[in-house]
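# A predicted structure for the sequence below; I have some questions about it.
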Amino acid sequence: MEIRYDASQPWHVLQVQGGKEEYIKKFLSENFPGVIPFLPKRILLERRRGKMERIVKPLFPGYLFFTGHFTHENLALLHKATFFKKILYNESCEFARIPQREIEFLFSLTGGSDFVDISDAAFDENDRIRVISGPLKEMEFSITKVDRRRQRVTATIEFFNEYREITLSYDVIEKC
């Protein structure tokens, strides 16, 4: 069952133990029918035994996003779940909401699904990267580092009122 995510809804953030995001996502789905969890993942190219393989990792390790009807009673039940750490709050002691422009940016990266796919890129005669297609196409100016050997780029984004670095893969198509 594919879920279409709606950026117009209020979105919140849970902090969970790194590597256990899928466990908490499944726990939310099974125990809270009015809650829609969202775990954005990235597809990375990783060299294993001399070959490039595709692996899947969370885009924001240790964090899980959700929307829907979630109460403090739900939170008490969630505290009983293994690997749950906390929910992020704002200054008014309410569940912190992700700003609209940031959740829209996140959904534009994932294309409304769970995955940030690999972008296609090429290098020009001055060895500058040029993104041809994929989620990085709109982010060309925020790319801060290019690792050609591992085929990864590091981009700085503003998310939840902080600047964060995310690492995504690219596939070399051609020389410009």
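Cool, got the structure.
# domain parsing for this protein?
1-117, 118-176 (automatic domain parsing).
# Figure out how far the longest one is from the centre of its chain.
Right, domain 1-117. Domain 1-117 sits 8 Å away from the centroid of its parent chain (Cα atoms, centre = their mean, to the nearest Å).
# average model confidence for it?
On average, the pLDDT along domain 1-117 is 87.
# Contacts for the lengthiest strand in the chain next, please.
When the chain is parsed with DSSP state E, its longest strand is strand 162-175. For strand 162-175, the external contacting residues (Cβ atoms under 8 Å, 6 or more residues apart in numbering) are 42-45, 59-60, 116, 118-124, 129, 131-132, 134-136, 144, 151-158. (Glycine included, C-beta is placed from N, CA and C.)
# Going by neighbour count, list what's buried in it.
166, 168, 169, 170, 171 (16 or more other Cβ atoms under 10 Å).
# returning to that earlier point: for the buried ones among the contacts of strand 162-175, write the corresponding ChimeraX selection.
Per 16+ other Cβ under 10 Å, the buried members of those correspond to this ChimeraX selection:
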select :42,44,45,59,60,116,118,119,120,121,122,123,129,131,134,135,136,151,152,153,155
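# mind listing the strands for the chain?
12-16, 35-38, 41-48, 51-58, 63-68, 84-87, 115-116, 119-123, 129-133, 143-147, 152-159, 162-175.
# Against which helices or strands is the fifth one packed?
In terms of contact count using 3 or more Cβ pairs under 8 Å, 6 or more residues apart in numbering; DSSP states H and E, strand 63-68 is assigned the packing partners strand 12-16, helix 21-31, strand 35-38.
# Partner strands of the longest strand of the chain, with direction?
Here strand 162-175 has these sheet partners by DSSP bridges: strand 119-123 (parallel), strand 152-159 (antiparallel).
# So what touches the shortest one?
Identification of contacts with strand 119-123 by Cβ under 8 Å, 6+ apart yields 129-137, 153, 168-176.
# Could I get the contacting residues of residue 82?
Per Cβ under 8 Å, 6+ apart, neighbours of residue 82: 20, 23.
# Residue 94: which of the strands paired with strand 162-175 is closest?
strand 152-159 (19.4 Å; Cβ to Cβ).
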